[in-house]
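Q: Got a predicted structure plus its sequence, pasted below:
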Amino acid sequence: MAALNDEQVMLRDMAREWADKESPTTAFRKLRDAAPAKGFDPEAWSTIGQMGWAGVVIPEEFGGSAFGYLSLGLVVEQLGRNLAVSPLSSTAVAATAIAMGGVDAAKSEWLPKLASGEAVATLAIDEGPIHDGKVTTSASGSTISGTKKFVAEGDGADVFVVSATDGLYLVAKGDGVTVSTRKMADSRSHADVIFSDALGQKLGGTDLTQAIVDRATAVTTAEMLGMAESAFEQTLDYLKQRVQFGQVLSTFQALQHRMAKMKTELELMRSAVEGALEAIDAGRSDVDQAVSLAKATANDTLRLVSREMVQLHGGVGMTDEYDAGLYLKRAATLETMWGTASYHRDRFAKLNGY
C-alpha cells in the first residue's frame, strides 16, 4: 500500500465524500436512463473541474496542480466505487500527452481548458475490439486519416489524441472528424471515430504513444480497484444481514472462505495498482512492467469479485433493482480496455526476456 502524504489523504477523502453524496449509483442509473448525447453530466464535470481534479496531472503553469498519477488514481478510485460517470480519466491522460508533446501552441490552447473542466479530451488509439497495439491510421503532412474503435468518452470529446503509424497527433473535433455512438453493456460513452483528412498537430513519436497507453492503463486499474472494493463491501454487508435456513449467511464457513479469498486478492490488487501509479510518478524504467502487472492483476480480481457479487446475492443479484449487475457489466468492459489479462501476462513475460 502506498504511503500517502497529507495532501493526498485530503484529496482522497474529499473525492470519496463527493462521490458518496453527489454521485452514488442512483445518479448513474438516472444518467443511464436519460442517455445524454455526451454520455456524462456536464454540470458534474464542471464541478470536478472547479475542485481541481481535472488538473491533477497538468503542470501548474497551465492551471493544474501537478500532483501526479498516484493522486489522480486516488480520485478515480473513489469515483469508481460508485460507478460515477465522468470523462476525468480520459481527459487527464490526454492532457498528459499534450503536456509531454512538443507543441507549445497546443499546450497553451488546450491545457488550461482541460484543467478547468471547460473542455473534454480523450484518446483515440485502438482500431478493433481488442487492444493489440496495431495501428493503420496514417498521417500525410498535417492531416490524419483512419478509423478508431470503442473510443471512451468519444461522444463528448472536444479534442482527440490520435495514434498514427508514426506517433501521436492532436485533432480537434470538427471538419474531417465523424463520431458514431456505440451502445455497450456498461451504458457509458463509447464511439467509433473516423478521421478523414482531419487537421492534426504531431505531439510525438511511437515512444510517446506507448507511454500514454501505459498511463491510460494504470488509471483504468485505479477505477477497477474502486469498483472491486465497493463490490466486496456491498457483498459483505449483504451476507451479514441476509438470513437463510434460520442463520445469517455470513456464518456459513464456505461463504467465509470465498470472502477471505476475495479480500486477499484485493490487497494484492491494491499493491499492484498503486505500484504502477508510483512507478509513473517516479519515472522508473520499469513502468511498462509495473503497468502490465497491475492490469493483469486488476482484470483477474475484478472479474472474480464482480461475479461473486452476483453469485452471493443469489437471485436478486440478477435483477436491475440491485447494483450487482451494474458492476458486472462495467467490469466486463474494463477487462478488455487497454488489454486483457492474457495480453498483459504475455507482455510482462516478453519484457523480462521470456
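A: Noted; the coordinates are in hand. Only a predicted model underlies this, so the values are computations on that prediction, with no experimental measurement involved.

Q: Let me see the ranges of the strands in this structure.
A: 121-124, 138-140, 143-152, 159-164, 167-172, 177-182, 190-199, 201-204, 243-244, 247-248 (DSSP state E).

Q: Return the most buried member of those.
A: strand 121-124 (a mean of 28; mean count of other Cβ atoms under 10 Å). C-betas here are computed from N, CA, C, even on glycine.

Q: quick one, helices of the stretch 51-200 of the chain?
A: For the stretch 51-200 of the chain, the helices defined by DSSP state H, counting those that start in this stretch cover 69-81, 88-100, 104-116.

Q: ok, back up a step: using a markdown table, lay out the strands of the chain together with distance to Leu304 and mean pLDDT.
A: Below are those laid out as a markdown table (distance: least, Cβ to Cβ, whole Å; pLDDT from 0 to 100):
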| stretch | distance to Leu304 | mean pLDDT |
| --- | --- | --- |
| strand 121-124 | 28 | 98 |
| strand 138-140 | 41 | 95 |
| strand 143-152 | 24 | 97 |
| strand 159-164 | 32 | 98 |
| strand 167-172 | 35 | 98 |
| strand 177-182 | 27 | 97 |
| strand 190-199 | 24 | 98 |
| strand 201-204 | 37 | 97 |
| strand 243-244 | 23 | 88 |
| strand 247-248 | 23 | 94 |
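
Q: what about those, which gets the closest to Gly314?
A: In terms of Cβ to Cβ, the element of the strands of the chain nearest to Gly314 is strand 243-244, at 8.5 Å.

Q: Put together CSV for the strands of the chain, with distance to Ala298 on each row.
A: CSV is the format used below for those (distance: least, Cβ to Cβ, whole Å):
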stretch, distance to Ala298
strand 121-124, 18
strand 138-140, 33
strand 143-152, 16
strand 159-164, 23
strand 167-172, 25
strand 177-182, 23
strand 190-199, 19
strand 201-204, 27
strand 243-244, 32
strand 247-248, 31
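
Q: And the ones you listed: which comes nearest Gln234?
A: strand 247-248 (16.0 Å).

Q: Quick check: which of the helices of the stretch 51-200 of the chain is buried the most?
A: It is helix 69-81: most buried of the helices of the stretch 51-200 of the chain by mean count of other Cβ under 10 Å, with a mean of 27.

Q: Quick check: mean pLDDT of that one?
A: Helix 69-81 shows an average pLDDT of 98 in the prediction.

Q: residues in contact with it?
A: Residues from elsewhere that reach helix 69-81, judged by Cβ atoms under 8 Å, 6 or more residues apart in numbering: 2, 4, 7-8, 11-12, 15-16, 18-19, 23, 53, 56-57, 86, 88-89, 92, 215, 218-219, 222-227, 229-230, 273-274, 277-278, 280-281.

Q: try stretch 335-350
A: Residues outside stretch 335-350 that contact it (Cβ under 8 Å, 6+ apart): 129-132, 150, 152, 213, 216-217, 220, 288-289, 291-293, 295-296, 299-300, 302-303.

Q: now do 10 Å
A: With contacts defined as Cβ atoms under 10 Å, 6 or more residues apart in numbering, stretch 335-350 is touched by 123, 125-126, 129-133, 150, 152, 190, 213-214, 216-221, 223-224, 288-303, 306, 354.

Q: Among the contacts of helix 69-81, the buried ones, what's the ChimeraX command?
A: Buried residues among the contacts of helix 69-81 (16 or more other Cβ atoms under 10 Å), as a ChimeraX selection:
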select :2,8,11,12,15,16,18,19,23,53,56,57,86,88,89,92,215,218,219,222,223,224,225,226,227,229,230,273,274,277,278,280,281
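
Q: the residue most distant from the middle of this protein, which is it?
A: Relative to the centre of the chain, and counting by Cα atoms, centre = their mean, the farthest-placed residue is Gly246 at 42.2 Å.

Q: May I have the predicted confidence score for that one?
A: We have a pLDDT of 89 for Gly246.

Q: same deal with Gly133?
A: Gly133 is given a pLDDT of 88.
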